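1. Return a 3D structure for these sequence lines:
(chains A and B)
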Amino acid sequence: MMDLSSINPVVLAAALMVAATPILLAAIGELVVEKAGVLNLGVEGMMITGAVTGFAVAVTTGNAYIGMVAAVLGGAALALVFALLTQYLMSNQVATGLALTLFGLGLSALIGQGYVGISPPRTPKIDFGWLSEIPVLGPVLFRHDPLVYVSIFIVAAVWWFLRHSRAGRILRAVGENHDAAHALGYRVRAVRVAAIAFGGACAGLGGAYLSLIRVPQWTEGMTAGAGWIALALVVFASWRPWRALIGAYLFGGIVVLQLNLQAAGWRIPVEYLAMSPYLVTILVLVIMSSGRARRSLSAPGSLGRPFHAAG
Amino acid sequence: MLRLEKRPQPSRAWIWATPLLAVALTMIAGGVLFALLGKDPLAAIRMIFWDPLFSPQYASYSRPQLLVKAAPLILIAVGLAIGFRANIWNIGAEGQYIIGALFAASVALIFFPSGPADVRIFGRVLFSYDVAPARWWLFPAMILAGALGGLLWGLIPAILKTRFNTNEILVSLLLVYVAEKLLAAAAVSWLRNPTGAGFPGSRNLSQFAEAANHELIANTGMHWGVVAAFIAVIFGYVLLQRHMLGFHVRLAGQAPRAARFAGVAPARLVLFCLGISGLLAGLAGMFEVAGPARMISIDFNTGYGFTAIIVAFLGRLHPVGIVLAGLLMALTYIGGELAQFRLGLPSAAIQVFQGMLLFFLLALDMLSNYRIRLAWKEAAP
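-> Numbers count the residues shown, from 1 in each chain, chains lettered A, B, ... in the order given. Next up, the predicted model:
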């Protein structure tokens, strides 16, 4: 018989933020990429590359933060391969994104061989003093590792950048109509390459969060579709940063609840519960893409279209 | 300064030259990778591409493997190529492959000669029955079941796209994970071998003559899946090059607006492309589970559905090209295993190798679509 009383809502809410952080990081990066008019389907590949480089460097140096920096660089480096191919060699974005994922999965398995079964250096939680002692709110909001707060900060920064900065408006112009942006003298390619690199860096950091904090261990293929869920999250968010945060936390809630139900010994077999995050993601995609919700979607006008300045 | 100038039409010569060039470049880059891993690059390349076919020591084992590994890749890639031509992206073939195998194995296992059997749902006995001896029709029934399973799984993203405008790339891919969980559930519960001491995995279909996908000619690797792949290639060729529907597929990919004026119904095209690629992937799964894999197990799927994407592109989305590309990719699998066994080359290195191949191919594609011109400063606008 299932024992629902073993599920503590406070613990659940705290765990939800941790579960949401990797996909939130990857999604906010991809959101900027798509706002610049580029569809990079290689999020999964960049995430897992970040996960393994972050893990390997953290274990070698004994410092998790150095590992995270390496993950950022690793994700961005792989993203730049995508940028080179799609922006300068004019390759198909869908195919190149897939290639990035296939390549990233292989590369990470290769790098990660010697790191299976090792524990990474610990990432200490931030000490908020008396704040973390507040009942309910304390454990939910103020007892996390720094990256949870960094991810929220990145969301805020991206929101401000896209909404209120000149560079952000140029990026949006490039994404909405690259021909017009080009005619106005903006450097379409340069903007897009920068956005792609930022997306890769965020995905890499998200991957490192998985391998260094959430799991924390390295196993082959450990992202298990998180990159694809991040892509779906961007659609859910209608390309708006704060909605990506809400979506990620909702999704994190489902993941954590599902894990808790598994642990509580619910009668549904584990495999069917483990399916739920993917099914929910599909369901959300269906709801967001159809009917009235669709009109509120604001996909960037030039999303996925190649740009070649003629003349 | 180098400047790219779009060709009015892709260069035919470059279209077929780029895959060869990409393979050559991948060999060089792969050699560098193998050297970095501390292996002799020339020996590794030779072991991957030459020894499986021509070495007196290994060829007798490796050569039949070529068809065994190439058949599912070609079967899946032909279906994917039809969709890719129309800009309809089924990247969930791995899932359709799994579901096809599950459907086919379920049909076979219902008729497994084991005396009276129970049909259970969630552990409760629904009814009991005595198995009638299976006949010649079992194998064709399994083929139909496999095709149906793949078709249904492929139609999910298609229907969601046509009814709700949902992105088929994301849905088909997410369904791979759902299929993998279903596979795991099947291996530990409803298809588990009742005489297997509780270990995950189904009964061994090779012990069941009516359901097994036998080698048709001894020591060639030729099984019914190879025959099916051959038929699929011919079907794909006729469809794409000779049939009106194939013309519509290509038109929809190259000029969607013109296609609509020409009376192509986009919704029907989506259903067709995702349905046919799902069906072929399901068939591949069926022949695999009844043949080389012999049973349903948790790690039944080995990534053919994803490698087939590379095969489709390497074969230029053309059925004949796909045959060559499928054989080449099969060779990298077999040679990779050989190099793993003989040289201690990690298996992931082959995955990286295959990924690099796709990168080089996509990069070099520029040569068939663009002309590279030397432009002097004053000529720039």
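2. And the next helix or strand past the helix or strand encompassing A:Gly45?
-> Per DSSP states H and E: A:Gly45 is located in helix A:43-61. Per DSSP H and E, helix A:43-61 leads on to helix A:64-83 as the next helix or strand towards the C-terminus.
3. Let me see the mean pLDDT of the helix or strand following that following helix.
-> Sequence-wise, the next helix or strand downstream of helix A:64-83 (DSSP H and E) is helix A:93-112. Helix A:93-112 shows a mean pLDDT of 91.
4. what's the answer for stretch B:309-324, then?
-> Per-residue scores along stretch B:309-324 average to 91.
5. Tell me the buried residues in that stretch?
-> For stretch B:309-324, the neighbour count (16 or more other Cβ atoms under 10 Å in any protein chain shown) marks B:309-319, B:321-324 as buried. From N, CA and C alone the C-beta is placed, and that goes for glycine too.
6. Which strands or helices does the helix holding A:Gly45 pack on?
-> helix A:9-35, helix A:64-83, helix A:93-112, helix A:188-209, helix A:226-236 (3 or more Cβ pairs under 8 Å, 6 or more residues apart in numbering or on different chains; DSSP states H and E).
7. do the second one and chain B meet?
-> Yes: with Cβ under 8 Å from any Cβ of the partner chain as the criterion, chain B is reached by helix A:64-83 at A:Val81.
8. Tell me the helices and strands packed up against that helix.
-> Using 3+ Cβ pairs under 8 Å, 6+ apart: helix A:64-83 touches helix A:43-61, helix A:93-112, helix A:188-209.
9. would you turn the ones you listed into JSON lines with mean neighbour count?
-> Converted to JSON lines, the helices and strands packed on helix A:64-83 look like this (neighbours: other Cβ atoms under 10 Å in any protein chain shown):
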{"stretch": "helix A:43-61", "mean neighbour count": "29"}
{"stretch": "helix A:93-112", "mean neighbour count": "25"}
{"stretch": "helix A:188-209", "mean neighbour count": "27"}
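10. Quick check: which element contains A:Ile154?
-> Here A:Ile154 is assigned to helix A:146-164, by DSSP H and E.
11. after that helix, next one along is what?
-> Assignment by DSSP H and E places the next element after helix A:146-164 at helix A:166-176.
12. what's the following helix or strand after that next one?
-> helix A:178-183.
13. ok, back up a step: centre of the chain to the helix holding A:Ile154, how far?
-> Chain-centre distance of helix A:146-164: 13 Å, with Cα atoms, centre = their mean, to the nearest Å.
14. same deal with stretch B:188-195?
-> 27 Å.
15. Any residue of that stretch touching chain A?
-> Yes: residues of stretch B:188-195 contacting chain A under Cβ under 8 Å from any Cβ: B:188-189.
16. can you pull the buried residues of that stretch?
-> B:188, B:190-193.
17. what's in contact with it?
-> A:269, A:271, B:102, B:105-106, B:109, B:114, B:120, B:186, B:198-204, B:295-296, B:298 (Cβ atoms under 8 Å, 6 or more residues apart in numbering or on different chains).
18. Any of these buried? List them.
-> Listed as buried from the contacts of stretch B:188-195 are A:269, A:271, B:102, B:105-106, B:109, B:186, B:200-203, B:295-296; burial here means 16+ other Cβ under 10 Å.
19. okay if I get these as TSV plus distance to A:Gly37, pLDDT and secondary structure?
-> Formatted as TSV, the buried ones among the contacts of stretch B:188-195 follow (distance: Cβ to Cβ, whole Å; pLDDT from 0 to 100; DSSP: H, G, I helix; E, B strand; the rest coil):
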residue	distance to A:Gly37	pLDDT	secondary structure
A:Pro269	44	79	coil
A:Glu271	39	84	helix
B:Leu102	40	95	helix
B:Ala105	45	92	helix
B:Ser106	46	91	helix
B:Leu109	51	83	helix
B:Ala186	43	90	helix
B:Pro200	46	83	coil
B:Gly201	48	82	coil
B:Ser202	48	82	coil
B:Arg203	53	81	coil
B:Met295	48	86	coil
B:Ile296	44	88	coil
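20. Flag every residue of the stretch 201-311 of chain A that's near chain B.
-> A:220, A:224-225, A:228-229, A:231-232, A:235, A:267, A:269, A:271-272, A:274-275, A:278-279, A:281-282, A:285-286, A:289-291, A:294, A:308, A:310-311.
21. Same check on the stretch 51-200 of chain A?
-> A:81, A:84-85, A:89-92, A:94-96, A:98-99, A:102-107, A:109-110, A:113.
22. quick one: least confident helix or strand in chain B?
-> Least confident helix or strand of chain B, by mean pLDDT, DSSP states H and E, is strand B:117-121 with a mean of 67.
23. chain center to the very next helix or strand once past that one, what's the gap?
-> Later in the chain than strand B:117-121, the nearest helix or strand by DSSP H and E is strand B:124-129. When distances are taken as Cα atoms, centre = their mean, strand B:124-129 is centred 37 Å away from the chain's centroid.
24. List the contacts of A:Ala70.
-> Counted by Cβ under 8 Å, 6+ apart, A:Ala70 has contacts A:53-54, A:56-58, A:208.
25. Pull the most distant pair out of those residues.
-> A:Ala56 and A:Ala208 (10.4 Å; Cβ to Cβ).
26. Can you pull the residues that touch both of the two?
-> With Cβ under 8 Å, 6+ apart, A:Ala56 and A:Ala208 have common neighbours A:67, A:70.
27. Run through chain B and note the low-pLDDT ranges.
-> B:1, B:114-123, B:129-134, B:375-381 (pLDDT under 70).
28. any idea which of the buried residues of stretch B:309-324 is the one closest to B:Ser128?
-> B:Ile309 (44.7 Å).
29. and B:Leu2, how many neighbours?
-> 7 (other Cβ atoms under 10 Å in any protein chain shown).
30. doesn't B:Arg373 make contact with it?
-> Yes: applying Cβ atoms under 8 Å, one finds B:Leu2 in contact with B:Arg373, separated by 7.4 Å.
31. so which of the helices and strands packed on helix A:64-83 comes closest to A:Ile126?
-> Closest among those, using Cβ to Cβ: helix A:188-209, at 14.8 Å.
32. Who are the packing partners of the closest one?
-> Secondary elements touching helix A:188-209 (3+ Cβ pairs under 8 Å, 6+ apart): helix A:9-35, helix A:43-61, helix A:64-83, helix A:146-164, helix A:166-176, helix A:178-183, helix A:226-236.
33. what's the most buried one of those helices?
-> Across these, averaging neighbours per residue (mean count of other Cβ atoms under 10 Å in any protein chain shown) puts helix A:43-61 on top, at a mean of 29.
34. avg pLDDT for it?
-> In the prediction, helix A:43-61 has an average pLDDT of 94.
35. Let me see the contact set for the spatially closest residue to B:Thr26 that is not a sequence neighbour.
-> Excluding the flanking residues, the one nearest B:Thr26 by Cβ to Cβ, 6 or more residues apart in numbering or on different chains is B:Leu357, at 4.4 Å. B:Leu357 sits next to B:22-23, B:26, B:310, B:314 when contact means Cβ under 8 Å, 6+ apart.
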